[in-house]
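Asks: quick check, what structure comes out for this input:
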Amino acid sequence: THAGRSPASRASGTAPPPTPPPTERSIDDDDVATASASGSAALERFATKALKDPRILHALVVAYTHEDKHDAAMGAVRRWATADPTAGKSPDVERAIVAAATGTPADLDAAIDVMEGPLGSDGVDLMLDLLAKPGVANATKTRLNKSLAKPEVRAHASPAAALAIDLKATKTCDARYAML
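Replies: The predicted structure follows:
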């Protein structure tokens, strides 16, 4: 039969090009909101479909932080920052970092790793914010100071953050005055 073939393809004897398979519908904001209300497990299902969708990665950061899954939250922060360079400016990233940095030693390691790497200058700013935050353990502050002393971390610092790091490391008032 000639059903489904155009007159031109019937005349030439060639079959029409195959119809491309239907594409999966895109994930909309309502999908993200519904999944967010159900928690990280529902969001993870979406994340497998849209690995770099910043909306889903953002929602995962919030969900993991709320569920005290700090290592998973840091993984989501890392993926979100890779997909969206402005992610480090989100208050939700700051909450996730603070929660992880004040958690277990392994959570602190994960937070420092994220602040040192994919968050760039925002990560350095978050380290400085943590150093100034009341109630942060001395051991955490020691780890943050060691991280800020690394040349590869300092290279991410904005000019203002670099000055703050230098002022903090400088011991005398005269040396500080000379920097300004």
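Asks: what helix or strand does the nearest residue to Ala72 once chain neighbours are set aside sit in?
Replies: With CB to CB, 6 or more residues apart in numbering as the criterion, Ala72 has its nearest non-adjacent residue at 4.5 Å, and that residue is Tyr64. C-beta: built from backbone N, CA, C; applies to glycine. In this structure, Tyr64 sits in helix 54-66 according to DSSP states H and E.
Asks: what about Ala96, which SS state?
Replies: Look at Ala96: counting by DSSP: H, G, I helix; E, B strand; the rest coil, its state is helix.
Asks: can you count the residues close to it?
Replies: Ala96 has 26 neighbouring residues, counting by other CB atoms under 10 Å.
Asks: so how far is Ala161 from the spatially most central residue of the chain?
Replies: The residue lying closest to the centre of the chain (CA atoms, centre = their mean) is Val77, at 2.5 Å. For Val77, the distance to Ala161 equals 19 Å [CB to CB, to the nearest Å].
Asks: circling back to that earlier point, show me what the one helix or strand the residue nearest to the centre of the chain maps to is packed up against.
Replies: Secondary structure assignment for Val77, by DSSP H and E: helix 70-83. Packed against helix 70-83, as judged by 3 or more CB pairs under 8 Å, 6 or more residues apart in numbering; DSSP states H and E, are the following elements: helix 54-66, helix 91-101, helix 105-116.
Asks: looking at these, which is buried most?
Replies: The highest mean neighbour count among the helices and strands packed on helix 70-83, using mean count of other CB atoms under 10 Å, belongs to helix 54-66: a mean of 23.
Asks: can you show me the CA trace of that helix as PDB?
Replies: Extracted in PDB, the C-alpha atoms of helix 54-66 (Å, rounded to 0.1, in the frame of the first residue of the first chain):
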ATOM      1  CA  PRO A  54      20.200  24.400  37.800                       C
ATOM      2  CA  ARG A  55      16.600  24.400  39.200                       C
ATOM      3  CA  ILE A  56      16.800  20.800  40.100                       C
ATOM      4  CA  LEU A  57      20.300  21.100  41.500                       C
ATOM      5  CA  HIS A  58      19.200  24.100  43.600                       C
ATOM      6  CA  ALA A  59      16.200  22.100  44.900                       C
ATOM      7  CA  LEU A  60      18.500  19.200  45.700                       C
ATOM      8  CA  VAL A  61      20.800  21.400  47.700                       C
ATOM      9  CA  VAL A  62      17.800  22.700  49.800                       C
ATOM     10  CA  ALA A  63      16.400  19.200  50.300                       C
ATOM     11  CA  TYR A  64      19.700  17.500  51.200                       C
ATOM     12  CA  THR A  65      20.400  20.300  53.700                       C
ATOM     13  CA  HIS A  66      17.000  20.000  55.200                       C
END
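Asks: with that, I have no additional questions.
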